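Novice: quick one: sequence and predicted model below, then my questions.
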Amino acid sequence: MDNSLPLALRMFNDRVRAMNQSNSKLLTLNADEARNLHAEIYSLLTITAEQAKHTPVNENIFQINMDGGGFK
């Protein structure tokens with residue numbers, strides 16, 4: 001497991017993996033786990049949005065012509 005991930009995400013990933021391995025159909029989170037997971041996801045989305053603002057957009061335009069070919 002990648003130790004660079006926040007603790008809440010690692011714990012959630014471990015629980016989902018355990019759920020999948022046991023063929024369980026239900027995963028529940030207590031309020032603290034849900035809050036921590038929400039906070040980490042929100043934090044990562046905020047970082048991603050900020051990085052996207054400062055990433056140059058590739059404005060190259062590509063033109064592709066296709067004629068569909070023919071049958072012989």
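Specialist: Done, it's in.

Novice: quick one, strands of the protein?
Specialist: Counting by DSSP state E, the chain yields no residue ranges for strands.

Novice: longest helix anywhere in it?
Specialist: Determined from DSSP state H, the single longest helix within the chain is helix 31-53.

Novice: which residues are in contact with it?
Specialist: 6-9, 11-12, 29 (C-beta atoms under 8 Å, 6 or more residues apart in numbering). In this view, the C-beta of every residue, glycine as well, is placed from N, C-alpha and C.

Novice: 6 Å - rerun?
Specialist: The contact list for helix 31-53, computed with C-beta atoms under 6 Å, 6 or more residues apart in numbering, reads 6, 8-9, 12.

Novice: how much distance is there from that helix to the middle of the chain?
Specialist: The chain centre lies 11 Å from the centre of helix 31-53; the measure is C-alpha atoms, centre = their mean, to the nearest Å.

Novice: tell me which residues of that helix come out buried.
Specialist: In terms of neighbour count (16 or more other C-beta atoms under 10 Å), helix 31-53 has its buried residues at 36-37, 40.

Novice: ok, now which ones touch residue 16?
Specialist: Counted by C-beta under 6 Å, 6+ apart, residue 16 has zero contacts.
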